[in-house]
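Colleague: Provided below for reference: sequence and predicted model.
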Amino acid sequence: MEDLGIGRLRTFVAVADKGSVSLAAQRVGRTQSAVSLQMRILEELAGVRLLRRLRHGVQLTSKGEELLSHARTILRAHDRALLDISGQPVVGEISLGCPDDYAGMLPSVLTNFAAEYPRMQIQLTCAPTPDLRRMLGTGELDLTVVTQKRAKKEQLLRREQLVWVGRADMEKIDHPVVPLAVSHAESIDRLAALEALARSGRQFKIVCSSGSLSGIEAALDAGIAVAVLAGSIVPERLKVLRHGWPRLPLVDVAVLHASPRPSPVAKQLELRLRAAA
């Protein structure tokens, strides 16, 4: 049986990312007819339809979605192997995860990385730490920034103090039940808030739940809730609440790799994260 081929898989990923054969052709440096031929051969080898042709572009079928996940994993492994052997940057992808909370460090990281590795494409995912950990475990990410209680020394980027945050008029809240805006059910800031309130004997009610920092901030700006955030990311328009609020712990911001032996490119990306942290 003929193999799927690294070149065909790379083109297939480009088609999936762009949603267009013509745009994918520009990305991989081939003619549109050559890309169409590669996709036709790939479908013949797979024995199933991978692409659904639309009026304006293409869309993956369910089997195409399955192949896309495998293709990304295969290409990352291929590019890491080639880079380890040659020591030179290659055309390829590296996937990075980062919580919304710390996305502020990314512009300098991405700028510096792109300048040194112009032929590498970064697939960036911003999501809550629990989701990023899952994606790291399934091989969807090469490395990710996470928040955790305590990180190993070699993983630690920086240490953060969690704080209560809200509008200034929420400082001396006199409601018998504390209104909370919280993130992912397994996130460390949410768990810290609930544990601190339980420890102090204060009742609470979750009035807003959001997987993104912007959703949490919207609830805080509206004055309907308070939240727990890392001290370094509190917007100037909001206030760190201190009077009568229960103590919160320190947490670690860390970088984790999918592989115990990260590629040189992944290590270089980590170095830039450390510099920006």
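Modeller: Good, I have the coordinates. Residues are numbered from 1 along each chain as shown.
Colleague: so which elements touch the helix-or-strand element of the chain with minimal mean pLDDT?
Modeller: Least confident helix or strand of the chain, by mean pLDDT, DSSP states H and E, is helix 21-28 with a mean of 81. Applying 3 or more CB pairs under 8 Å, 6 or more residues apart in numbering; DSSP states H and E, one finds that helix 21-28 contacts helix 6-18, helix 32-46. Yep, even glycine has a C-beta here, placed from its N, CA and C like the rest.
Colleague: want to throw these into TSV with mean neighbour count?
Modeller: Compiled in TSV, the helices and strands packed on helix 21-28 are given as follows (neighbours: other CB atoms under 10 Å):
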stretch	mean neighbour count
helix 6-18	20
helix 32-46	16
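Colleague: format those helices as a markdown table; extra columns: mean pLDDT and distance to Arg119.
Modeller: What follows is the helices and strands packed on helix 21-28, written out as a markdown table (pLDDT from 0 to 100; distance: least, CB to CB, whole Å):
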| stretch | mean pLDDT | distance to Arg119 |
| --- | --- | --- |
| helix 6-18 | 89 | 12 |
| helix 32-46 | 92 | 19 |
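Colleague: among the ones you listed, which is nearest Ala277?
Modeller: helix 6-18 (28.9 Å; CB to CB).
Colleague: who touches the strand or helix carrying Leu75?
Modeller: Here Leu75 sits within helix 62-86, counting by DSSP states H and E. Helix 62-86 is contacted by residues 4, 6, 9-10, 12-13, 16, 46, 48-52, 60, 89-95, 123, 139-140, 142, 259, 263-266 when judged by CB atoms under 8 Å, 6 or more residues apart in numbering.
Colleague: closest to Asp252 out of the helices and strands packed on helix 21-28?
Modeller: Evaluated over the helices and strands packed on helix 21-28, closeness to Asp252 peaks at helix 6-18, with 33.4 Å, by CB to CB.
Colleague: the closest one - contacts with which helices or strands?
Modeller: helix 21-28, helix 32-46, helix 62-86.
Colleague: tell me the angle the longest one makes with helix 32-46.
Modeller: Think helix 62-86. If you take axes from the mean of the first three to the mean of the last three CA atoms, to 10 degrees, helix 62-86 sits at 100 degrees to helix 32-46.
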